[in-house]
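Engineer: just the structure for this:
(chains A, B and C)
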Amino acid sequence: MLYFQEMLGTAVFAITGVLAIHKVGVDLFGAVVLGIITAIGGGTLRDLLLDQPIFWIADFNYIWVALFAALLAFFLTTRFQQRYRLLLYLDGFAAALFGLVATEKVLGLNLAAPLAVMMGVLTSIGGGIARDVLAGRPSLLMSREIYATPILLGCTLYVLLHDAFPSIRAVGWIALIFTSGLRFLAIYKELQMPAIFSTKRG
Amino acid sequence: MLYFQEMLGTAVFAITGVLAIHKVGVDLFGAVVLGIITAIGGGTLRDLLLDQPIFWIADFNYIWVALFAALLAFFLTTRFQQRYRLLLYLDGFAAALFGLVATEKVLGLNLAAPLAVMMGVLTSIGGGIARDVLAGRPSLLMSREIYATPILLGCTLYVLLHDAFPSIRAVGWIALIFTSGLRFLAIYKELQMPAIFSTKRG
Amino acid sequence: MLYFQEMLGTAVFAITGVLAIHKVGVDLFGAVVLGIITAIGGGTLRDLLLDQPIFWIADFNYIWVALFAALLAFFLTTRFQQRYRLLLYLDGFAAALFGLVATEKVLGLNLAAPLAVMMGVLTSIGGGIARDVLAGRPSLLMSREIYATPILLGCTLYVLLHDAFPSIRAVGWIALIFTSGLRFLAIYKELQMPAIFSTKRG
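Structural biologist: Numbering: from 1, shown residues only, chains lettered A, B, ... in the order given. Model prediction:
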């Protein structure tokens, strides 16, 4: 079940990755590479930093799913763009899922809670940032969109609940609903960072 | 013999790396760093991902060769530019060589063929992409030049031949001739990606 | 004492990191992430390449210090900007310190002197370059500012002195004074790379 969700999340990340760079103008090869990087970039960086085997080297299905999804997105761009809003919500769910699974993974290595939160956020947003840097686009680090903050809050909630109720499995689901709920709200209300938290005008 | 070719390829990559960023405007230090990164970036990323010792830490000659070649390219830019077409062919040969050597290396670690192909392509194009990102130039991922496709096809041919004829050593040479031949053709005919495989107009 | 200096250096790097991207326009989240990356990016890359445990995973205080300093810089930007010149000197001292500590660390792993110098320079400038690439700014690799050259010369001096006088502890202090002195001179005199070492006009 979780495995299926992770594969779905991988596919969604690859699709939104290809759609994001579509306007910049890109070839099939570049689109597929950037789609795959969007999907696996964050987790790859996490595994490198933690000196763990890279997850997609251990299980190449992540690459196949991302590759196939990126190909679909490249050739059926218009169809996916018509469902962009649905994709945006799916992307929010995938980002929440990836962040929380990573947080759980780091806690499972008996590492400290703050590190687990940091790695959760990194896993969640690292791929999209790598794609934007490679495509020469401003990344979400430079945007006022509320994307990373829900992940940060959700992963923090998760480690707090995990510490308070270590034996309760539902903790993960609560954190997942909380995290993706926050992101869904930001999408639905088109929320931006309050001006006090930004050096940008307008 | 292979070692000599690898060193030649390292030098060629460092030289084309410096020439590529020359117009952007760069200092001696930046030029040398970017030349070295062009030459060793792809293999470094490959070794990091595979959790292998970084090849140039094990054998620092790669750095010396890249350093010396980058210095030459910085001070003798005009001379090298006059031979740019020759360099372009040498670069195509080096890219093919690096890709195939990496593919062979990954197969030698008893890892799967698709991963070997992926690492071959990464080794071949990773350094140039890293250079372009660091120099703020659009990388080949955003271009319609036919650079990565020959490597992808050549490394795929290599793993297929290697699987079909495991005991025949000439397999590597056949793949090398095929890969660099494809790239030479793309340079000679100034081929671009067909429009159907590109979201760019013109 | 060294630990305190390293923490001070981490804080200074995080602060100058936030100030550097302030004008581009960035949110609290982006500012803090980029400040932390400025402070720890170079050492992280060094540890990855040397296959050592990442220093801030082993001791999370580096992250806390960088995080706190980045928050301060975000909310008290104007105050820090008024002391920008002092910060520039502190940054030069921190860069020298990080470079030399890294050089010493690599020599302590019984690796060769040229590699130690290379890793010293990488540790010192890697974080700032990563920040600039992520923020879409031209990095110091593309600038004529004299930033990396003092580090390169200072780390080289250190390995030479360390080789000639292995038992004398003052060697590190001499190299530190030399390295930061060179950088202070470049700041004070607003020195630029001589035109012969640059492909840029003006």
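Engineer: excluding chain neighbours, give the residue nearest to A:Ala113 in space.
Structural biologist: Using C-beta to C-beta, 6 or more residues apart in numbering or on different chains and skipping the chain neighbours, the partner closest in space to A:Ala113 is A:Val159 (4.1 Å). Placement of C-beta: from N, CA and C, glycine included.
Engineer: report the contact partners of that neighbour.
Structural biologist: Going by C-beta atoms under 8 Å, 6 or more residues apart in numbering or on different chains, A:Val159 touches A:103, A:107, A:113, A:116-117.
Engineer: may I ask which of the residues you listed has the most neighbours?
Structural biologist: Counting neighbours by other C-beta atoms under 10 Å in any protein chain shown, A:Thr103 leads the contacts of A:Val159 with 30 neighbours.
Engineer: OK, contacts around it?
Structural biologist: A:116-117, A:119-120, A:155, A:158-159.
Engineer: do A:Leu109 as well
Structural biologist: With C-beta under 8 Å, 6+ apart, A:Leu109 has these contacts: A:50, A:52.
Engineer: look up how far C:Asp51 lies from A:Gly43.
Structural biologist: Per C-beta to C-beta, to the nearest Å, A:Gly43 is found 20 Å from C:Asp51.
Engineer: who has more neighbours out of those two?
Structural biologist: A:Gly43 (26 against 15).
Engineer: just for chain A, where's the confidence low?
Structural biologist: Residue ranges of chain A with pLDDT under 70: A:200-202.
Engineer: what does it put close to chain C?
Structural biologist: Residues of chain A lying close to chain C (C-beta under 8 Å from any C-beta of the partner chain) are A:48-51, A:111-112, A:114-115, A:118, A:129, A:133, A:136, A:138-144, A:148-149, A:152, A:193, A:197-201.
Engineer: filter those residues down to the buried ones, ChimeraX style.
Structural biologist: Selection of the buried residues among the residues of chain A next to chain C in ChimeraX, burial being defined by 16 or more other C-beta atoms under 10 Å in any protein chain shown:
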select /A:48,49,50,111,115,118,129,133,136,139,140,141,142,143,144,148,149,152,193,197,198,199
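Engineer: what are the phi and psi angles of A:Gln192?
Structural biologist: Torsion angles at A:Gln192 (phi, psi; degrees, to the nearest 10) stand at phi -130, psi 160.
Engineer: just to check, it is in contact with A:Thr149?
Structural biologist: No. Assessed by C-beta atoms under 8 Å, A:Gln192 is found out of contact with A:Thr149, at 11.0 Å.
Engineer: stretch A:111-121: how far from the chain's middle?
Structural biologist: The chain centre lies 15 Å from the centre of stretch A:111-121; the measure is C-alpha atoms, centre = their mean, to the nearest Å.
Engineer: show residues contacting it.
Structural biologist: A:46, A:49-50, A:99-100, A:102-107, A:148, A:151-152, A:155-156, A:158-159, A:163, C:57, C:60, C:63.
Engineer: check which element follows the longest helix along chain A along the chain.
Structural biologist: Ranked by residue count, the top helix of chain A under DSSP state H comes out as helix A:84-108. Scanning forward in sequence from helix A:84-108 by DSSP states H and E, the next helix or strand is helix A:113-135.
Engineer: can you state the direction angle for that following helix and helix A:84-108?
Structural biologist: 140 degrees (axes from the mean of the first three to the mean of the last three C-alpha atoms, to 10 degrees).
Engineer: in the very next helix or strand once past helix A:113-135, which residues are buried?
Structural biologist: Moving toward the C-terminus from helix A:113-135, the next helix or strand (DSSP H and E) is helix A:148-164. For helix A:148-164, the neighbour count (16+ other C-beta under 10 Å) marks A:148-152, A:154-159, A:161-162 as buried.
Engineer: quick check, nearest of those residues to chain B?
Structural biologist: Taking C-beta to the nearest C-beta as the measure, chain B lies nearest A:Ala148 of the buried residues of helix A:148-164, at 21.4 Å.
Engineer: quick one: residues contacting the closest one.
Structural biologist: Counted by C-beta under 8 Å, 6+ apart, A:Ala148 has contacts A:121, A:124-125, A:140, C:29.
Engineer: now, the most widely separated pair of those?
Structural biologist: A:Ser124 and C:Phe29 (12.5 Å; C-beta to C-beta).
Engineer: so for the two, which sits in the more crowded spot?
Structural biologist: Each of A:Ser124 and C:Phe29 has its neighbours counted (other C-beta under 10 Å); A:Ser124 has more, 31 against 23.
Engineer: my guess is that one contacts A:Gly99. True?
Structural biologist: Yes. Counting by C-beta under 8 Å, A:Ser124 touches A:Gly99, with 3.7 Å between them.
Engineer: ok now stretch A:143-152, how far from the chain's centre?
Structural biologist: Chain-centre distance of stretch A:143-152: 11 Å, with C-alpha atoms, centre = their mean.
Engineer: nope, stretch A:81-101 is what I meant
Structural biologist: 8 Å.
Engineer: is that stretch in proximity to chain B?
Structural biologist: No. Stretch A:81-101 stays out of contact with chain B when judged by C-beta under 8 Å from any C-beta, the minimum separation being 11.9 Å.
Engineer: in that stretch, which residues are buried?
Structural biologist: Across stretch A:81-101, burial judged by 16+ other C-beta under 10 Å covers A:87-88, A:90-101.
Engineer: got TSV for those residues, with distance to C:Leu72 too?
Structural biologist: Shown next, in TSV, are the buried residues of stretch A:81-101 (distance: C-beta to C-beta, whole Å):
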residue	distance to C:Leu72
A:Leu87	39
A:Leu88	35
A:Leu90	38
A:Asp91	33
A:Gly92	31
A:Phe93	35
A:Ala94	34
A:Ala95	29
A:Ala96	30
A:Leu97	34
A:Phe98	31
A:Gly99	27
A:Leu100	30
A:Val101	33
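Engineer: out of these, flag the one nearest to chain B.
Structural biologist: For the buried residues of stretch A:81-101, the nearest to chain B is A:Leu87 (17.5 Å; C-beta to the nearest C-beta).
Engineer: pretty sure that closest one contacts A:Thr16?
Structural biologist: Yes. Contact criterion C-beta under 8 Å: A:Leu87 and A:Thr16 qualify, at 5.7 Å.
Engineer: coming back round to it: for the buried residues of helix A:148-164, which one is nearest chain C?
Structural biologist: Using C-beta to the nearest C-beta, the buried residues of helix A:148-164 come closest to chain C at A:Ala148, 5.3 Å.
Engineer: what does chain A have sitting close to chain B?
Structural biologist: So chain A meets chain B at A:22-31, A:33-34, A:44, A:48, A:51, A:53-54, A:57, A:60, A:63, A:74, A:77, A:133-136 (C-beta under 8 Å from any C-beta).
Engineer: can you do 7 Å?
Structural biologist: A:22, A:24-30, A:33-34, A:48, A:53-54, A:57, A:60, A:133-136 (C-beta under 7 Å from any C-beta of the partner chain).
Engineer: which of the residues you listed are buried?
Structural biologist: Buried, going by 16+ other C-beta under 10 Å: A:22, A:24-30, A:33-34, A:48, A:54, A:57, A:133-136, out of these.
Engineer: now, those that are in helices?
Structural biologist: Per DSSP H, these map to helices at A:22, A:28-30, A:33-34, A:48, A:57, A:133-135.
Engineer: just give the nearest non-adjacent residue to A:Leu28, would you?
Structural biologist: Per C-beta to C-beta, 6+ apart, closest to A:Leu28 is B:Phe197, 4.0 Å.
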